[in-house]
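J.: what follows is a predicted protein model with its sequence.
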Amino acid sequence: MRSLLRNLLLLALCAALLAPATAQPAAQTQPQTSPQTPAHRAPQWLASGVLYQVNPRSFSPTGDFKGIERRLDYLHDLGVTILWIMPIHPPGKVGRKGSLGSPYAAVDYYAIDPAYGTKEDFRHLIAEAHKRGLKVILDIVANHTAWDSVMMANPAFYRHDAAGQILSPEPDWNDVASLDYSNPRLREYMTGVLTYWLREFDLDGYRCDIAFYIPTSFWEEARPELEKIKPDLMMLAEANHPDLMRRAFDLDYDWPMEEALSAVIDRGAPAATLAGRWRQDHQTHPAPMLQMHFSDNHDLLRSVARHGQPAALAASVLFFTMDGVPLLYNGMEIGDTAESAAPALFERLPIFWPMAERRPELLATYRKLIALRRAHPALQQGETRWISDPPPAPDAHAESILCYTRRSGDEQFLIVINFSNQPWSGRVTSAGDYGDVTPRAENAPQPPGALPALQLGAWEFRIFQRIAQPNPNAK
């Protein structure tokens, strides 16, 4: 996410943390849909899925489609189900940033960057992914183009200032020019772009860059045209605007939760901040709400570098056991620290995959965590209940403990996470008998403590599954 939006969200989070409990959620910059207005219902394969973001420049040593294809078996074994491929169009040269330019400054929406391969290479990649049961979505940048875009042949496609000069979306986005969606012909052109890639390459949907910069009406008009080609497609909005979720999008970014997570891990905010943020999201978004949860992506410094490996893993445990859809950014599962946020976004910094040999426990834990989520509907879109436990504990770190349950049908899980660099011991109330199903690396020692008494080390987490209902007749 661009720094402008992140700063606005940070200000909103600070206001929420300082406001009394009865305060209303901060106003959005775009009209909100009433929470009572139903959201667009997402396809089941998305609601139960795990997203994996692929940056073609950095994902493989060759930095192309064939390099991605060679690792499809790895991705399948990892357990992810949806591949989000970052923009594949040729980047602009006029005003280019860095040596390669931004992948979010496209010259031609109908072309492929030759550095990645050919259209046939891309078509083959998607087909091979589908053979392995993987869905594929493409990153589309519909708000702006490069200054040397082929669309510049029609200046009416662009926004102009009073002097007739074409505008950038923001003052510091000087490598791109802003498209004008008040022009019906521009809307027709961009709808054609979206239908082309869906029809010709059998894509499964789109991730839409800064979707909230574009009128909601465009997305709502385009979606029916896309559904004519693929009725069960998914649409991911890079936005946190409830209005987009009514008829246009299936999934949006939970940037406020990422900001709350950083406040807890990096600035010592109480773990209850996360539960409060969740409640605010559910109050402002239409139901059934579906948001993408993340602690790492191409707009952020790497999670393991910002938070440290133990805290980064604790953050992932939260997002992989919450409702919504979790995201892994390429290399995150092995603790890769190669940056891709700007200005690294404009270069090619390949992931150092041998890092997996140095941190084998990290990859093993992610594989088991993904498998646990996929095997249990309760951990996907089951009911979430935040527990007020732990009660006052023998130490001063109880406010760093986050407890919640996930339930669907007869399944119920209890998750406890220590968002602190200090150990904690206390009691967590639970009805029934629970077994410990916490994902761990092979031969990892069983940690001490079992419900209701529990001991957690710094940044440690435990996941319990209920194995028996409490007997109401027991004395």
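T.: In hand now; what should we look at?
J.: pull the residues that contact stretch 141-151.
T.: Taking contacts as Cβ atoms under 8 Å, 6 or more residues apart in numbering, the residues outside stretch 141-151 that touch it are 87, 89, 91-95, 101, 104-109, 152, 157-158, 168-169, 173, 175-179, 189-190, 193-194, 208-211, 213-214. Glycine gets a C-beta too; all of them are placed from N, C-alpha and C.
J.: among those, name the ones in strands.
T.: Per DSSP state E, strands hold the following members of the contacts of stretch 141-151: Val176, Ala177, Ser178, Cys208.
J.: now the contacts of stretch 141-151: which count as buried?
T.: With neighbours counted by 16 or more other Cβ atoms under 10 Å, the contacts of stretch 141-151 contain buried members at 87, 89, 91-92, 95, 101, 104-109, 152, 157-158, 168-169, 173, 175-179, 190, 193-194, 208-211, 213-214.
J.: determine which two of the ones in strands among the contacts of stretch 141-151 are furthest apart.
T.: With Cβ to Cβ as the measure, no two of those lie farther apart than Ala177 and Cys208, at 18.1 Å.
J.: Tyr206 against Lys135, yeah?
T.: No. Using Cβ atoms under 8 Å, Tyr206 is not in contact with Lys135, being 11.8 Å away.
J.: need the overlap of contacts for these two.
T.: Taking Cβ under 8 Å, 6+ apart as the criterion, Tyr206 and Lys135 both touch Met234.
J.: mind listing what Asn297 touches?
T.: For Asn297, the contact set (Cβ under 8 Å, 6+ apart) comprises Gln53, Leu327, Tyr329.
J.: residues contacting the residue nearest to Gly308 when sequence neighbours are not counted?
T.: Taking Cβ to Cβ, 6 or more residues apart in numbering, and ignoring the residues beside it in sequence, Gly308 has Trp459 as its nearest neighbour in space, at 7.9 Å. Taking Cβ under 8 Å, 6+ apart as the definition of contact, the neighbours of Trp459 are Gly308, Pro310, Ala311, Leu313, Ala314, Asn418, Phe419, Ser420, Asn421.
J.: tell me which helix or strand of the chain sits lowest on mean pLDDT?
T.: helix 3-18 (a mean of 44; mean pLDDT, DSSP states H and E).
J.: helix or strand right after it?
T.: The C-terminal neighbour of helix 3-18 among helices and strands, as given by DSSP states H and E, is helix 44-47.
J.: so after that following helix, what's the next helix or strand?
T.: Using DSSP H and E, the helix or strand that directly follows helix 44-47 along the chain is strand 51-54.
J.: within its sheet, name the partner strands of that following strand and how each one runs.
T.: In its sheet, strand 51-54 lies beside strand 82-85 (parallel), strand 325-329 (parallel), with partners assigned from DSSP bridges.
J.: output those as JSON lines; include the columns mean pLDDT, mean neighbour count and distance to Ser388.
T.: Putting the strands paired with strand 51-54 into JSON lines (pLDDT from 0 to 100; neighbours: other Cβ atoms under 10 Å; distance: least, Cβ to Cβ, whole Å) gives the following:
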{"stretch": "strand 82-85", "mean pLDDT": "98", "mean neighbour count": "24", "distance to Ser388": "35"}
{"stretch": "strand 325-329", "mean pLDDT": "98", "mean neighbour count": "25", "distance to Ser388": "25"}
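J.: who are the contact partners of the closest residue to Leu301 other than its chain neighbours?
T.: The shortest distance from Leu301 to any non-neighbouring residue, by Cβ to Cβ, 6+ apart, is to Ala341 (5.9 Å). Counting by Cβ under 8 Å, 6+ apart, Ala341 makes contact with His298, Asp299, Leu300, Leu301.
J.: how about the spatially closest residue to Val176 that is not a sequence neighbour: which residues does it bridge to?
T.: In space, Val176 comes closest to His144 once its chain neighbours are excluded; the distance is 4.0 Å by Cβ to Cβ, 6+ apart. Here His144 sits in beta bridges with Ser178, going by DSSP bridges.
J.: tally of neighbours for His144?
T.: Summarising burial for His144: neighbours were counted as other Cβ atoms under 10 Å, giving 26.
J.: distance of it from Val107?
T.: With distances taken as Cβ to Cβ, to the nearest Å, His144 is found 12 Å from Val107.
J.: same check on Leu379?
T.: For Leu379, the distance to Val107 under the criterion Cβ to Cβ works out to 43 Å.
J.: just Phe413 next, same as before
T.: For Phe413, the distance to Val107 equals 48 Å [Cβ to Cβ].
J.: end to end, how far does stretch 300-312 reach?
T.: With Cα to Cα, to the nearest Å as the measure, the ends of stretch 300-312 fall 13 Å from one another.
J.: ok so, going back, the buried ones among the contacts of stretch 141-151 in helices, which ones?
T.: In this view, these that belong to helices under DSSP state H are Met190, Val193, Leu194.
J.: if we take the ones in strands among the contacts of stretch 141-151, which one ends up nearest to Trp278?
T.: For Trp278, the nearest member of those is Cys208. The distance, counting by Cβ to Cβ, is 24.0 Å.
J.: can you give me how far stretch 352-361 is from the chain middle?
T.: 23 Å (Cα atoms, centre = their mean, to the nearest Å).
J.: residues contacting that stretch, please?
T.: Among residues not part of stretch 352-361, those counted as contacts by Cβ under 8 Å, 6+ apart are Gln309, Gly331, Ile334, Gly335, Asp336, Ala338, Leu362, Leu363, Ala441, Ala444.
J.: give the buried residues for that stretch.
T.: Buried residues in stretch 352-361, counting neighbours by 16+ other Cβ under 10 Å, are found at Phe352, Met355, Ala356, Arg359.
J.: in the stretch 151-300 of the chain, which spans are strands?
T.: 176-178, 205-208, 234-237, 251-253, 291-293 (DSSP state E, counting those that start in this stretch).
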